[in-house]
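Visitor: Take a look and give me a structure for this.
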Amino acid sequence: MHRPHPRATVLAATSLAAALLAACTPGGGPDAAAVGTASSGTGTVTSCGATAPVPAEARAVVALKSSAVEAVVALGGAGQLAGVAALDGELPTHVTGVDDAAWDVTLPVLSADVPSFEAVLDLEPDVVLAGWESNLSAEGAGGREDWADLGVATWVSPSACRDPELQPDHLTFDDVFAEIEAIGTLLGREEEAASVVAAQRSALADLTARVGQGTDRPLALWWSSGTDTPYVGGGIGAPQLIMDTAGLGNVVAEVADTWASLSWEEIAGRDPEVIVLVDSAWNTAEHKRAALAANPVTAAMDAVRQERYLVVPFPATQAGVRTLDAALTLADQLAALPAAAEVAP
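Guide: Numbers count the residues shown, from 1 in each chain. As a prediction, this is how the structure comes out:
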């Protein structure tokens with residue numbers, strides 16, 4: 001017979017006690033909620049419209065998606081990870097502002113995909129972090145309200161909120177750094193977060209000075225996924241921020257969304273000078289190169305004929321501790337490309 005974990009039993013009892021308190025308190029829910037928040041931690045963290053109390057001690061953390069996992073490791077919290085899932089790739093060997101030794105860890109992988117609510121509950125988490133809001137849903141690892149009822153703090157990357165009203169109007173590095181600091185708060189690693197952010201701000205200033213702020217920038221297409229109909233980086237999210245910082249323009253900068261689906265005919269009409277290929281296990285950069293060369297519409301594009309490609313790993317394309325490194329990598333690759341005018345047709 002399955003025996004429930006002690007923490008699950010305690011959490012259920014705590015939820016019942018809170019419900020009874022609410023029933024006995026004049027005004028009901030709001031007063032009970034205020035009591036619960038005050039007694040469960042030292043402050044709150046809000047993301048995607050949900051506010052979670054900061055736990056007194058985050059001993060067991062579950063992180064879903066690479067961006068959330070990488071943030072925990074970058075802040076020295078690998079030992080706090082009870083489980084990770086839905087990884088988009090391997091951990092990097094280097095991230096700006098982080099000791100390289102931080103990445104030499106063995107992750108407690110729970111599943112290749114987003115796990116069930118029951119599987120995560122079995123780990124008795126204090127905090128559940130998610131790179132995408134869909135990770136914390138009834139179809140995923142449990143809704144945020146379900147976890148809140150159990151006294152478990154949850155956090156979702158604000159850049160990935162499903163409600164456009166809750167996303168940044170245009171993602172900035174201030175937004176990215178605020179995400180790192182929020183995770184540091186939940187983990188009890190505020191000093192480590194401040195150190196990473198300070199180092200990345202310094203590196204960002206150096207890159208900005210090197211790239212400059214001129215308007216005469218190569219126009220780029222950011223191709224994330226899809227083949228028949230490409231899924232490309234729009235004008236407000238991490239792809240736009242990374243391209244801006246690396247010294248690139250965006251052929252679809254006017255699209256007020258993080259991502260967009262366009263036809264190859266429309267993309268060819270916009271004639272990008274450079275193509276950023278997102279390298280993922282399910283749609284590699286090499287596969288994308290071959291697809292561009294085989295498609296008659298794209299094969300005629302100058303960027304394809306001249307192979308003016310830049311490559312970025314998929315995990316680095318989500319807002320997080322690797323956003324700056326993605327921009328640094330693209331800036332270096334761009335500098336190594338011959339100018340379009342120098343390449344013979």
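Visitor: Please export the C-alpha coordinates of stretch 162-177 as CSV.
Guide: C-alpha atoms of stretch 162-177 as CSV (Å, rounded to 0.1, in the frame of the first residue of the first chain):
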residue,chain,number,x,y,z
ARG,A,162,0.7,33.4,-21.3
ASP,A,163,-1.3,36.6,-20.7
PRO,A,164,0.3,39.3,-22.9
GLU,A,165,-0.7,41.9,-20.3
LEU,A,166,1.6,40.2,-17.8
GLN,A,167,4.6,40.0,-20.1
PRO,A,168,7.2,42.8,-20.3
ASP,A,169,6.3,45.3,-23.1
HIS,A,170,9.8,44.8,-24.5
LEU,A,171,12.1,42.5,-22.6
THR,A,172,15.1,44.3,-21.2
PHE,A,173,18.1,43.1,-19.3
ASP,A,174,16.6,44.8,-16.3
ASP,A,175,13.8,42.3,-16.6
VAL,A,176,16.3,39.4,-17.0
PHE,A,177,18.3,40.5,-14.0
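Visitor: For it, buried residues please.
Guide: Within stretch 162-177, the residues that count as buried by 16 or more other C-beta atoms under 10 Å are 166-168, 171, 173, 175-177. All C-beta atoms are positioned from the backbone trio N, CA, C, and that covers glycine.
Visitor: quick check, G142 in a helix?
Guide: No: secondary structure assignment (DSSP: H, G, I helix; E, B strand; the rest coil) places G142 in coil, not in a helix.
Visitor: ok, and the closest non-adjacent residue to it?
Guide: Distance criterion C-beta to C-beta, 6 or more residues apart in numbering; nearest residue to G142, sequence neighbours excluded, is F117 at 3.3 Å.
Visitor: looking at it, A303 is touching P272, isn't it?
Guide: Yes: using C-beta atoms under 8 Å as the test, A303 is close enough to P272 to be in contact (5.4 Å).
Visitor: which residues do those two both contact?
Guide: L221 (C-beta atoms under 8 Å, 6 or more residues apart in numbering).
Visitor: So which of these two has more stuff around it?
Guide: P272 (25 against 21; other C-beta atoms under 10 Å).
Visitor: Now do the same for that one: helix, strand or coil?
Guide: coil.
Visitor: Now do the phi/psi pair for it.
Guide: Backbone torsions of P272, given as degrees, to the nearest 10, read phi -60, psi 140.
Visitor: Then L187?
Guide: Torsion angles, degrees, to the nearest 10, at L187: phi -90, psi -10.
Visitor: if we can go back for a sec, so who does the residue nearest to G142 touch?
Guide: F117 sits next to 141-142, 146 when contact means C-beta under 8 Å, 6+ apart.
Visitor: Return the member of the residues you listed nearest to A193.
Guide: A141 (23.9 Å; C-beta to C-beta).
Visitor: Excluding chain neighbours, what is closest to that closest one?
Guide: Using C-beta to C-beta, 6+ apart, the nearest residue to A141 is V120, at 4.9 Å.
Visitor: Which pLDDT does the model give that neighbour?
Guide: pLDDT, V120: 98.
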